[in-house]
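> The following comprises the amino acid sequence and a computationally predicted model.
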Amino acid sequence: MPEQRFHSGFHQLGPAFFSPVQAQPLQSPVLAAFNNTLASELGLARPLDDAALLDTLAGSAVQSGATPIATVYSGHQFGVWAGQLGDGRALLLGELAGQEVQLKGAGQTPYSRMGDGRAVLRSSIREYLCSEAMHGLGIPTTRALALFASAEVVWRETAETAAVVTRVAPSFLRFGHFEHFYYRNQHETLRQLADYAIDRYFPDSRAADNCYQAMLEEVIGRTAGLIADWQAVGFCHGVMNSDNMSLLGLTLDYGPFGFLDGFDAGHICNHSDHSGRYAYGAQPEIGLWNLHCLAQALLPLLDRDAAVEALKRYQGLFEAALTERFRRKLGLRSSMNDDWRLLTNLFELMQASRTDWTIFWRQLADFDATPGASNSHLRDLFIDRAGFDRWADDYRQRLGAEGKPAGRSAAMRSVNPKYILRNHLAEVAIRQAQQGDFAEIHRLQALLARPFDEQPEHHAYAGTPPDWAGSLSVSCSS
Ligand code: AMP
Ligand code: MG
């Protein structure tokens, strides 16, 4: 492994920000999945023929000349200050083509607390597939380069096996990195971190009167946009703790996430989330809550009133982003005042019928706007048929106000995916992988890379969950 491939800006920051660590190699790791597309974006030529590279990406080989690091952060978990956390089972190898390469599950670090530093195969498959599914959906996310499985046993509620996900992002900086130094009263270190983030990731902010305020505003805008993306596609993160919030506005730390099947605004995907703090419908508000944590942490660098004003703009930014997403989902070229009433009525009907979120939006592209058309392909998704008919009338009129633009259906199919990573699809891949067969992971990876394409040969993957999926439960344990 030529070590000059790996450089890392974070390494330059100095020891206050991280601890050097060595990976603890998995027992006989097996390459379960690999992302060739991402590898070529990172400039890796013929990576699968490069045994030394694969060993490094698995955490099995120590690179000469470079030291992996675990970074320190803190955070608010479920609304409560949790103090120091940090990369307890992730280590940063360095950068390839300006992207940080991190191993998740590569062993203990000084921040592991009581944990074993491992990740189980089950949750590693979910992270691997969902990062790439989100990328396919056009939603900002960390990426997954490789997945390594091992027979090594780790204990969660029961015995499971360990895995490593090699993940990639321009930066894995979290809100919690800033909280860490703020709550330790290390304001100069905080400033150093903020300067690093600005220079590397928010260079335009430098020109502002207060560059830290400009960065905060940029993060507020990105977070609003990200959560609008999540709401539009029906993605529930599940653990929106401030240490899982990316400074760059990426979807980060895939744990007990889930996509909506039948629409339920109160859907809680994480079975450990007893109060529903991170329910689907709560995500936008939680985004703001977390931004308050970030702003609080940056206060030594900010003017308090300006920071408060910036936070007040979140709601408007989020609503504008959401309106834009739903305008496109509805196949409308322009926004009109009454569009939110149209949407609210639709959500009420969907909530009452638990209408499948993905299937409804996908099929809306085939809405027949001819007066009297039955639109049974949509109507049958609702219990309240008369209610649907009234909504369809309103929608027909709304479409009529735009004339008959060519390409509306195609435009709708380009924003309303046919394929999402439903829990039961991941579960099939997990069960097969636990038997040593990784083919389903590869199939899903290819399918979800093109979620807007019809892919008729994979039609079965676009259906509602089978009955057995009702018993699936996803918790924080990973
Ligand atoms: P998460 O719930 O995965 O976002 O993790 C919250 C914190 O717990 C982070 O500091 C993780 O690094 C740490 N953590 C989670 N699982 C483990 C584990 N198995 N071993 C060590 N640290 C862990
Ligand atoms: Mg985390």
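Sure thing, it's come through. Numbers count the residues shown, from 1 in each chain. Ligands and ions are numbered 1, 2, ... in the order given.

> residues from this protein in reach of ligand 2?
244, 253 (CB under 5 Å from the ion). (Glycine included, C-beta is placed from N, CA and C.)

> Could you list the low-pLDDT ranges of the chain?
By pLDDT under 70, the low-scoring segments of the chain are 1-5, 64-65.

> let's see it at 80
Along the chain, segments meeting pLDDT under 80 span 1-7, 62-66, 404.

> tell me, what residue is most central in it?
T251 (2.8 Å; CA atoms, centre = their mean).

> For it, list each beta-bridge partner.
On the basis of DSSP bridges, T251 is bridged to T141.

> Surely it and T141 touch.
Yes: in this structure, T251 is within contact of T141 by CB atoms under 8 Å, at 4.1 Å.

> and A144, that's in a strand?
Yes: checked against DSSP: H, G, I helix; E, B strand; the rest coil, A144 lies within a strand.

> Quickly note the distance from it to R126.
10 Å (CB to CB, to the nearest Å).

> repeat for S242
22 Å.

> Next: S409.
S409 is 32 Å from R126, by CB to CB.

> Return the residues of the stretch 201-350 of the chain in contact with ligand 1.
239, 244, 253, 255 (CB under 6 Å from any ligand atom).

> can we see that at 8 Å?
239, 241, 243-244, 253, 255 (CB under 8 Å from any ligand atom).

> Checking the closest residue to ligand 2 within the chain next. Helix, strand or coil?
Nearest residue of the chain to ligand 2: D253, at 3.9 Å (CB to the ion). Three-state assignment for D253 (three-state DSSP): coil.

> Quick one: neighbours of it, just the number.
Neighbour count for D253, taken as other CB atoms under 10 Å: 23.

> quick one on the thing from earlier: between S409 and R126, point out the one with more neighbours.
R126 (25 against 13).

> helix, strand or coil for the nearest residue to that one once chain neighbours are set aside?
Nearest residue to R126, sequence neighbours excluded (CB to CB, 6 or more residues apart in numbering): A426, at 5.2 Å. Three-state call for A426 (three-state DSSP): helix.

> burial count for A426?
Neighbours of A426 using other CB under 10 Å come to 26.

> same thing with the one 3 residues further on?
Applying the criterion other CB under 10 Å, we find 26 residues in the vicinity of A429.

> Relative to A321, how far out is the closest residue to it other than its chain neighbours?
Nearest non-adjacent residue to A429, counting by CB to CB, 6+ apart: E440, 4.0 Å away. Per CB to CB, E440 is found 34 Å from A321.

> what do you get for A90?
29 Å.

> What strand or helix carries the closest residue to S473 other than its chain neighbours?
Nearest residue to S473, sequence neighbours excluded (CB to CB, 6+ apart): H271, at 4.8 Å. Assigned by DSSP states H and E, H271 belongs to no helix or strand.

> Hmm, H271 is touching S475, no?
Yes: using CB under 8 Å, H271 is in contact with S475, at 4.5 Å.

> so what's the residue nearest to R126 up against?
Applying CB atoms under 8 Å, 6 or more residues apart in numbering to A426 gives the contacts 125-126, 129-130, 444.

> Out of those residues, which is nearest to R390?
C130 (36.8 Å; CB to CB).

> pretty sure the closest one is in a helix, no?
Yes: with three-state DSSP as the criterion, C130 is located in a helix.

> now the strands for the chain?
Here the chain has its strands, by DSSP state E, at 18-20, 30-34, 69-71, 74-77, 80-84, 90-96, 99-104, 119-120, 143-155, 159-169, 235-236, 258-259.

> Serialize the ones you listed to CSV and add fields for distance to D338 and mean neighbour count.
Conversion of the strands of the chain to CSV gives the following (distance: least, CB to CB, whole Å; neighbours: other CB atoms under 10 Å):
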stretch, distance to D338, mean neighbour count
strand 18-20, 53, 18
strand 30-34, 47, 19
strand 69-71, 48, 23
strand 74-77, 39, 23
strand 80-84, 42, 13
strand 90-96, 47, 23
strand 99-104, 44, 24
strand 119-120, 48, 22
strand 143-155, 40, 21
strand 159-169, 40, 23
strand 235-236, 27, 25
strand 258-259, 29, 24
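
> Now distance to A401 too, for the ones you listed, in a markdown table please.
A markdown table is the format used below for those (distance: least, CB to CB, whole Å):
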| stretch | distance to A401 |
| --- | --- |
| strand 18-20 | 56 |
| strand 30-34 | 47 |
| strand 69-71 | 52 |
| strand 74-77 | 45 |
| strand 80-84 | 49 |
| strand 90-96 | 50 |
| strand 99-104 | 45 |
| strand 119-120 | 51 |
| strand 143-155 | 41 |
| strand 159-169 | 42 |
| strand 235-236 | 31 |
| strand 258-259 | 32 |
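
> Alongside ligand 1, which residues does the stretch 1-150 of the chain contribute?
73, 75, 77, 85-90, 105, 108-109, 111-119.

> All good on my end, thank you.
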